[in-house]
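**Q** Give me a 3D structure for the following:
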Amino acid sequence: MSSKDLRINEAIRVREVRLIDGNGEQRGIVPTIEAIRLAKEAGMDLVEVAPQANPPVCKILDYGKYKFELEKKSRESKKKQKLIKIKEIRMQPKIEEHDLQFKSKHIQDFLAEGNKVKITVRFRGRELAHTDRGLLVLNKVLELLGDSYVLEKEPSMEGRFMSMVIAPKGKK
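**A** Now for the predicted structure:
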């Protein structure tokens, strides 16, 4: 729940609310006007924390501090997230052995960084009649990588391209 859709004090337009006071204790169902008065007496705000409930649940708390705590939690959760990028390596069906090994080394580096890799074989002109060669190239790449990956998407044709997606093996 974001702080934008929280209603406070006079913005709460229902007749009665389920009130939780500043100490976190249930006060029961109270008329909204009474709840706002209690919040003002405590020098705090009445904040609607569960608007979908019947009646809505409101809490007496310091709104500025509450908003700050919510933002702090969202920042913490963003820190823990790991962005996974998809790197793409392009090849042709008539790739030389050395070039294949060179590109396989790059793929291993990308996997070591924790990125997913999309390996694409591009067919031009008459090469399109020999898609089996593209499949051989992709299988050769997988062979060179050993078992340091998880195959996420099997090799498949998409127009003039044959591609597959591999991801790094999870750390156990």
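**Q** drop to CA atoms for contacts and neighbour counts, all remaining ones
**A** OK.
**Q** Am I right that Gly43 falls within a helix?
**A** No. Counting by DSSP: H, G, I helix; E, B strand; the rest coil, Gly43 is not part of a helix but coil.
**Q** That one and Asn9: what is the separation?
**A** Distance, Gly43 to Asn9, using CA to CA, to the nearest Å: 12 Å.
**Q** Arg7 contacts Val47, doesn't it?
**A** Yes. With contact defined as CA atoms under 8 Å, Arg7 counts as touching Val47 (6.1 Å).
**Q** re the thing from before, same drill for Gly43 and Asn9, tell me which one is more crowded.
**A** The neighbour comparison of Gly43 against Asn9 (other CA atoms under 10 Å) goes to Asn9, with 21 against 11.
**Q** In the chain, which strand is the longest?
**A** The longest strand of the chain (DSSP state E) is strand 149-158.
**Q** Would you mark the buried spots in the top helix by length along the chain?
**A** Longest helix in the chain by number of residues (criterion: DSSP state H): helix 63-80. Of all the residues in helix 63-80, those buried under the rule 16 or more other CA atoms under 10 Å are Tyr63.
**Q** So which elements touch that helix?
**A** strand 45-50 (3 or more CA pairs under 8 Å, 6 or more residues apart in numbering; DSSP states H and E).
**Q** what does the following helix or strand past the strand it packs on rub up against?
**A** As assigned by DSSP states H and E, the chain's next helix or strand after strand 45-50 is strand 57-61. Residues external to strand 57-61 that are found in contact with it (CA atoms under 8 Å, 6 or more residues apart in numbering): 17-22, 24, 39, 44-51.
**Q** same thing but at 7 Å, please
**A** Contact with strand 57-61 is made by 17-22, 39, 44-51, as judged by CA atoms under 7 Å, 6 or more residues apart in numbering.
**Q** Show me how far it is from its chain's centre.
**A** From the chain centre to the centre of strand 57-61 is a distance of 31 Å (CA atoms, centre = their mean, to the nearest Å).
**Q** And Glu127, how far from Ile95?
**A** Distance, Glu127 to Ile95, by CA to CA: 12 Å.
**Q** neighbour count winner among those two?
**A** The neighbour count for Glu127 versus Ile95, taken as other CA under 10 Å, is higher for Glu127 (16 against 12).
**Q** on that earlier part again, what's the angle from the helix or strand immediately after the longest strand of the chain in the chain to strand 149-158?
**A** Scanning forward in sequence from strand 149-158 by DSSP H and E, the next helix or strand is strand 161-168. Following axes from the mean of the first three to the mean of the last three CA atoms, to 10 degrees, one obtains 170 degrees for the angle between strand 161-168 and strand 149-158.
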